[in-house]
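Next comes the sequence, and after it the predicted model I'd like to discuss.
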Amino acid sequence: QKEVEQDPGPLSVPEGAIVSLNCTYSNSAFQYFMWYRQYSRKGPELLMYTYSSGNKEDGRFTAQVDKSSKYISLFIRDSQPSDSATYLCAMSDQTGANNLFFGTGTRLTVIP
Amino acid sequence: EAQVTQNPRYLITVTGKKLTVTCSQNMNHEYMSWYRQDPGLGLRQIYYSMNVEVTDKGDVPEGYKVSRKEKRNFPLILESPSPNQTSLYFCASSPLDSNYEQYFGPGTRLTVT
């Protein structure tokens, strides 16, 4: 079983839709939960980071962590064509060590 | 501008011809890492380094070498490339105490024929 599972999609939505991207994980020790965004032909960039459980909001983006279900989500409100990218979740149990686990990524297309 | 640079961005080579992909960061980060990204497999770590002269294997190290002689540079060496090393390669760096925040380079598309 992989440490982190992520539906690869692809996911296509009309402009303005609410997008939900999800990952599940198996290691209950994970404390740091990240979402990276990767545009075509670019390197991933950190979009949002959450420590432990709960919600975090940044503009149109909301990251949600449910540690009891080992499930994290990224919601995108009022999606825009510029949100079209691959979204990778990532998780870690501690800093200062080589222990960052990535999901395989979900490819999102927002259609104008 | 804070950044991770990689060179070359694109490379086509033949089996067995040694090559080096350079990686440099200007953020004084201790931690650096190399990944390859393949369709359906996501990012897989090749090698990583916690600091100068400290390197270790990641998940897929076979066929690769690295060195960390300076803090800013972390080159990836393929001594005898094979077609199964055709992939998209990313270098990344981060502060050691917040290595959940990785800064990625722009990627190197390698094709081995």
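Thanks, I have it.

from here on, contacts and neighbour counts on C-alpha atoms
OK.

Quick one: name the residues of chain B near chain A.
Applying Cα under 8 Å from any Cα of the partner chain, we find that chain B lies next to chain A at B:40-43, B:48, B:90, B:96-107.

Buried ones among the residues you listed?
Neighbour counting by 16 or more other Cα atoms under 10 Å in any protein chain shown classes B:42-43, B:48, B:90, B:96, B:99-107 among the residues of chain B next to chain A as buried.

mind checking the longest strand of chain B?
Longest strand in chain B, counting residues (DSSP state E): strand B:42-51.

Can you list the strands that that strand pairs with?
According to DSSP bridges, strand B:42-51 forms sheet pairs with strand B:31-38 (antiparallel), strand B:54-57 (antiparallel).

Would you mind pulling the contact partners of the shortest one?
For strand B:54-57, contacts defined as Cα atoms under 8 Å, 6 or more residues apart in numbering or on different chains pick out B:46-49, B:66-68.

For the chain, just list every one of the strands.
Picked chain A for this. Across chain A, reading from the start of the chain, the strands by DSSP E fall at A:4-6, A:11-14, A:19-25, A:32-38, A:45-51, A:54-58, A:61-66, A:71-76, A:85-92, A:100-102, A:106-111.

Oops, wrong one, chain B.
With DSSP E, the ranges of strands along chain B come out as B:4-7, B:10-13, B:19-25, B:31-38, B:42-51, B:54-57, B:65-66, B:76-78, B:87-94, B:103-104, B:108-112.

mind putting these in a markdown table, mean pLDDT included?
Compiled in a markdown table, these are given as follows (pLDDT from 0 to 100):
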| stretch | mean pLDDT |
| --- | --- |
| strand B:4-7 | 98 |
| strand B:10-13 | 97 |
| strand B:19-25 | 98 |
| strand B:31-38 | 96 |
| strand B:42-51 | 94 |
| strand B:54-57 | 94 |
| strand B:65-66 | 98 |
| strand B:76-78 | 98 |
| strand B:87-94 | 97 |
| strand B:103-104 | 96 |
| strand B:108-112 | 98 |
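
Which residues are in contact with the closest residue to chain B within chain A?
When scored by Cα to the nearest Cα, chain A has A:Thr104 as its residue closest to chain B, at 4.1 Å. For A:Thr104, the set of contacting residues under the criterion of Cα under 8 Å, 6+ apart consists of A:5-8, A:88-89, B:40-43.

For these, please prepare a markdown table with the additional fields distance to A:Ser52.
Formatted as a markdown table, these follow (distance: Cα to Cα, whole Å):
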| residue | distance to A:Ser52 |
| --- | --- |
| A:Glu5 | 18 |
| A:Gln6 | 19 |
| A:Asp7 | 22 |
| A:Pro8 | 25 |
| A:Leu88 | 18 |
| A:Cys89 | 15 |
| B:Gly40 | 28 |
| B:Leu41 | 27 |
| B:Gly42 | 24 |
| B:Leu43 | 23 |
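
Looking at the residues you listed, which has the smallest pLDDT value?
Taking pLDDT as the measure, those have their low point at A:Pro8 (83).

Pull the distance from stretch A:41-60 to the chain's centre.
From the chain centre to the centre of stretch A:41-60 is a distance of 7 Å (Cα atoms, centre = their mean, to the nearest Å).
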